[in-house]
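Visitor: starting from these lines, generate the structure:
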Amino acid sequence: MILGKTIESWCASYPLINELIALQETSWFNPGIAPTAEALADVGLTAADVADASARLDRFASYIMQVFPETRASGGIIESGILPMPKLQAELMARHDQESAGQLWLKADCNLPISGSIKARGGIYEVLKHAEDLALAAGLLTIDDDYAKLDSDAMRAFFGQYKVAVGSTGNLGLSIGIMSAQLGFQASVHMSADARQWKKDKLRAHGVTVVEYESDYSVAVAQGRKQAESDPSCHFVDDENSTSLFLGYAVAAERLQRQIAAAGITVDAEHPLFVYLPCGVGGGPGGVAFGLKLVFGDAVHCIFAEPTHSPCMLLGVHTGMHDAVSVQDFGIDNVTAADGLAVGRASGFVGKAMQRLLDGYYTVSDETLYRYLALAEQLEGIRMEPSALAGVQGMARVLQETQGYRARIGLSAERMANATHLVWGTGGSMVPPAEMEAYLAKGRALLA
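Guide: Numbers count the residues shown, from 1 in each chain. Down below sits the predicted model:
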């Protein structure tokens, strides 16, 4: 029984669950979305909150530039580029027997400095905010100071009195661990069974304590939270509920707006922007989507992509049960090659905050991820980890949907012809070469 109902009863109420249980690739476009101006109130955060986060990252830029020399070219701002993907688009359309409509682009967060994934946004931001809060409260910093002063033995000793903990499938742990250790915090990362060995090794090389679990993400998070609750000096980065993480991700949107303008791309009602975001627990894609809705309003359409084995957000939003249900409740195993997305229970905060702002959700099999991993490398020279490919099929899913979605929100053929489709490439540049070769070999074998 799940919340007092049998699985059969759930499936009768929500037939889509049958497809999820069968691990079929499926799409669902939410008829319950609302105009942006109305739905933004659901989030409980505002444009002023995002501006505050952006200003904080600017204050830290001199410090970041000093301790992470790879950010010097960008002035200490952790950002990635956008890249057109014409060859991958042609291949995608051919594979789905679709006429192309619009242009496919990649947001290359796979190349983000420091930790090589989208988690370098929210994760690093939350650690920096915590450090700033502590240093300001102790009178060791004012917001008018040059934050490069934090790179000192005295400041590292100060932060060394404090701990930072997080539960992670991998990439968030990398971001939190690397940044915390650099500042001087005692960092511990609680890793779920899905986490890749190289991510654990990299963290340990930075002096981070890695606690390993045989169980999945939700258990690792719960244990990390428990450790922090019993230790007043420990700050727990709560991927399921943190507004700081969420805002760190949201800052991406205003920067993307500048990049899109610089590329000569128009975004308005006649030139819609579709953004396809891989989703695990929901914090990263939720924060980015919130930022995008603040910047582009109804002209942007955000769609989440999840593994067929871990469709936690689709399940939670579709049933309206959010974090009260898990995929395991329905016999779905939450085991996927997309380790960063191996989450069985979605963030209730994100699901409830964003459900009227997200146009749709779809699931993708591991085999599809591997095929597009190999194709992205072969056709565009881009190397990403499996989870980062989840958004690639989004354009085809939108163009072939039969749920009346495009008609319902006025996406005519003319508007679709003017559309920009942006795949958020969430990670991959830090994958060790041997591991990447194994991914590519798997993808090529599936293409053969």
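Visitor: specify the helix with the largest residue count in this structure.
Guide: helix 119-137 (DSSP state H).
Visitor: now that helix: mean pLDDT?
Guide: The pLDDT scores in helix 119-137 average 98.
Visitor: for that helix, packing partners?
Guide: helix 47-59, helix 153-159, strand 163-168, helix 171-183, strand 234-237, helix 243-250, helix 283-296 (3 or more C-beta pairs under 8 Å, 6 or more residues apart in numbering; DSSP states H and E). In short, each C-beta sits where N, CA and C put it, glycine included.
Visitor: quick one, which of those gets closest to L357.
Guide: Smallest distance to L357 across the helices and strands packed on helix 119-137 (C-beta to C-beta): 5.2 Å, for helix 283-296.
Visitor: list the contacts for C279?
Guide: Neighbouring residues of C279 by C-beta atoms under 8 Å, 6 or more residues apart in numbering: 285-286, 304-306, 313, 341, 346, 361, 390.
Visitor: closest one to G443 among the helices and strands packed on helix 119-137?
Guide: Per C-beta to C-beta, nearest to G443 of the helices and strands packed on helix 119-137: helix 171-183, 20.0 Å.
Visitor: list the strands paired with the helix or strand just after the closest one, with their directions.
Guide: Sequence-wise, the next helix or strand downstream of helix 171-183 (DSSP states H and E) is strand 186-191. Next to strand 186-191 in the sheet, as set by DSSP bridges, lie strand 163-168 (parallel), strand 209-212 (parallel).
Visitor: so which of the ones you listed gets nearest P386?
Guide: Closest approach to P386 among the strands paired with strand 186-191 is made by strand 163-168 (16.7 Å; C-beta to C-beta).
Visitor: go through that closest one and flag the buried ones.
Guide: 163-168 (16 or more other C-beta atoms under 10 Å).
Visitor: just how off-centre is that strand within its chain?
Guide: Relative to the centre of its chain, strand 163-168 is centred 18 Å away, using C-alpha atoms, centre = their mean, to the nearest Å.
Visitor: how about residues contacting that strand?
Guide: With contacts defined as C-beta under 8 Å, 6+ apart, strand 163-168 is touched by 123, 127, 130, 172-174, 176-177, 180, 185-192, 195, 217, 220-225, 227-228, 231, 233-237, 239.
Visitor: show the pLDDT at the residue nearest to P278 when sequence neighbours are not counted.
Guide: Using C-beta to C-beta, 6 or more residues apart in numbering and skipping residues adjacent in sequence, the residue nearest P278 is A390, 3.8 Å away. pLDDT, A390: 99.
Visitor: touching, Q223 and V211? I think so.
Guide: Yes - contact criterion C-beta atoms under 8 Å: Q223 and V211 qualify, at 7.2 Å.
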